[in-house]
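**Student:** Here is the input, now give the coordinates:
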Amino acid sequence: MLRDGDVGGRPSSETAPIVAGRGLRRTYRRRDGEEVRAIDGIDVEFGAGEFVVLLGPSGCGKTTLLRCLAGLESPDAGAISLRGSTVFDAEASVDLPPEKRRAGMMFQSYALWPHMTVQDNVAYPLKVRRAGSAEIRARVDEVLRLVGCAAIAEQYPGEISGGQQQRVALARAVVARDDLVLFDEPLSNVDAQLRETLRTELSILQRALGFTAVYVTHDQSEALALADTVIVLNQGRIAQIGPPADIYRHPASAYVARFMGPVNEIPGRLTRREGKDSVTTSLGTFDATRPLPSDLGSDVLLVLRPSELSVGTVGAAGRQVEATIRSLQFQGDYVEVLVTAGQQELLIRDRSDQILQVGQSVLVTLPGVARAVVPDDGLRPTRLPFTDEAA
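**Tutor:** Coordinates of the predicted model:
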């Protein structure tokens, strides 16, 4: 479990989380003298066996936070404890080096030594900890078997594929059986198909070994697939924390909604109808499925994922509006359909077998209720303007 802004006493050894950080701040100074806070007052807490994903765009602070936990960077303020023991405290001048924190780490670049064989690369963390030769051999053999690389143990990194290098790096990160493993965008350098395979293998391995995983990525599909808890970061601060499904379906802000994938943003105003919070838009009024935090009369955005809409189903449950198709893109399992309904653009993922054409008039079915509503930040996605001639 991770909390942002909680303040409390130090947990007892029986209940201590694997990772706890309080008030973490890290500031960089640019050449022009401007200060940039990469992380800005972040509080984190991760439990045993939890898979936590730090998600956000470049520059949001996710990698800086990970490196501070690992001991590769030192925050300017705050404190970090691992397993209930303090490893960093700015006020007390405590700052344990990475090798004293007993955490495995898998880097974006793999960081395999080219002059060492696969088995020697994997064995390195155990040799640093002065494990016995028999134990090293047994653990290396076991973990290489787990990641499917036993047959290449005698080869060098330059002699194996990118996917095999990825598995070797993973084996090295977990061979010491640490209860905490940190991942810095480990799948960003492989192709999409292999990425999905490795993602599945990593999830299975993490659950089998039971370690706490802290995983940095900018890819929302990775976050949704892997995480027990997702932390969305924005400009060094935590924008939202929660299970993947909650963040995807109930974003706390327009920023989070957009970052979690394609979204329709329908401007509206918060109203009340028959004692329930509602959102009045150009496409009608939608009753909210949960109380909304904004004040009545506030400008808001009704958030609809493309998969929540459908095309051309007469009499379907929900709300139907007339629209004109502006664009069609075949995506294999679905067709991405962009329509205009009045002045509102809507993106739809159509999974039917119907034949659609650009310029065609259709009925679009929307949900009958408002499941996700966020404050209107005034920003809008930028697209090329459509004209009747272009259609």
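
**Student:** shaky segments in this structure?
**Tutor:** Filtered on pLDDT under 70, the chain yields the residue ranges 1-15, 313-318, 380-391.

**Student:** show me where it has helices.
**Tutor:** Using DSSP state H, the helices of the chain run over 62-70, 118-128, 133-146, 162-174, 192-209, 220-226, 244-249, 254-259.

**Student:** Dump the ones you listed to CSV, plus mean neighbour count and distance to I80.
**Tutor:** Just so you know, the C-beta spots here come from the backbone N, C-alpha and C atoms, and that holds for glycine as well. Shown next, in CSV, are the helices of the chain (neighbours: other Cβ atoms under 10 Å; distance: least, Cβ to Cβ, whole Å):
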stretch, mean neighbour count, distance to I80
helix 62-70, 23, 6
helix 118-128, 20, 21
helix 133-146, 16, 27
helix 162-174, 23, 20
helix 192-209, 15, 22
helix 220-226, 19, 23
helix 244-249, 17, 25
helix 254-259, 21, 26
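
**Student:** Those helices into CSV, with extra columns for distance to V87?
**Tutor:** Listed next are those as CSV, based on distance: least, Cβ to Cβ, whole Å:
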stretch, distance to V87
helix 62-70, 9
helix 118-128, 18
helix 133-146, 24
helix 162-174, 19
helix 192-209, 22
helix 220-226, 25
helix 244-249, 29
helix 254-259, 30
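
**Student:** per-domain residue ranges of this structure.
**Tutor:** Each domain of the chain is listed here as a residue range: 19-103+178-249, 262-375, per automatic domain parsing.

**Student:** How far does the shortest one sit from its chain's centre?
**Tutor:** Right, domain 262-375. Centre-to-centre, domain 262-375 and its host chain are 25 Å apart (Cα atoms, centre = their mean, to the nearest Å).

**Student:** got the end-to-end distance for it?
**Tutor:** End-to-end distance for domain 262-375: 18 Å, by Cα to Cα, to the nearest Å.

**Student:** Number the residues from 50 up from this point.
**Tutor:** Renumbered: residue one is now 50, and that last one reads domain 311-424.

**Student:** sorry, back to before: L353 is nearest to which of the helices of the chain?
**Tutor:** L353 lies closest, by Cβ to Cβ, to one member of those: helix 303-308, at 9.8 Å.

**Student:** neighbouring contacts of that closest one?
**Tutor:** In this structure, residues lying in contact with helix 303-308 by Cβ atoms under 8 Å, 6 or more residues apart in numbering are 104-106, 269, 281, 283, 288-289, 296, 300, 312, 314, 350, 352, 421, 423-426, 428, 430.

**Student:** Which ones among these map onto strands?
**Tutor:** With strands taken from DSSP state E, the overlap with these comprises L104, V281, N283, A288, Q289, E314, L350, V352, V423, P424.

**Student:** Can you tell me which of those residues comes closest to L175?
**Tutor:** Out of those, the member with the shortest distance to L175 (by Cβ to Cβ) is L104, at 31.9 Å.

**Student:** Now the closest one: closest residue in space that isn't a chain neighbour?
**Tutor:** Computed as Cβ to Cβ, 6 or more residues apart in numbering, the closest residue to L104 that is not its neighbour in sequence is A272, at 4.5 Å.

**Student:** hang on, that neighbour packs against T266?
**Tutor:** Yes. Using Cβ atoms under 8 Å, A272 is in contact with T266, at 6.0 Å.

**Student:** Relative to E323, which of the helices of the chain is closest?
**Tutor:** The closest of those to E323 is helix 293-298. By Cβ to Cβ, the value is 24.2 Å.

**Student:** residues touching the residue nearest to L104, list them.
**Tutor:** V102, L104, T266, V279, P293.

**Student:** quick one on the thing from earlier: please identify the deepest-packed of the domains of the chain.
**Tutor:** Greatest average neighbour count among the domains of the chain goes to domain 68-152+227-298 (a mean of 18), per mean count of other Cβ atoms under 10 Å.

**Student:** Pull the distance from that domain to the chain's centre.
**Tutor:** So, by Cα atoms, centre = their mean, the centroid of domain 68-152+227-298 is 10 Å from its chain's centroid.

**Student:** next one: stretch 199-209
**Tutor:** Remark: stretch 199-209 is offset 32 Å from the chain centroid, using Cα atoms, centre = their mean.

**Student:** Which residues does it contact?
**Tutor:** Residues from elsewhere that reach stretch 199-209 (Cβ under 8 Å, 6+ apart): 159, 161-168, 170, 189-190, 193, 213-214, 217.

**Student:** Repeat that for stretch 154-170.
**Tutor:** 119, 147, 173, 189, 193, 198, 201-207, 209, 214-215, 217-219, 221-222, 230-235, 237-238.

**Student:** Repeat that for stretch 333-353.
**Tutor:** Contacts of stretch 333-353 (Cβ under 8 Å, 6+ apart): 299-300, 303, 306, 312-322, 325-328, 330, 368, 370, 395, 415-426.

**Student:** What is the end-to-end distance of it?
**Tutor:** With Cα to Cα as the measure, the first residue of stretch 333-353 is 14 Å from its last.

**Student:** Identify the contacts common to A272 and T266.
**Tutor:** V102, L104.

**Student:** Make CSV from the domains of the chain and add distance to R179 to it.
**Tutor:** Below are the domains of the chain laid out as CSV (distance: least, Cβ to Cβ, whole Å):
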stretch, distance to R179
domain 68-152+227-298, 12
domain 311-424, 52
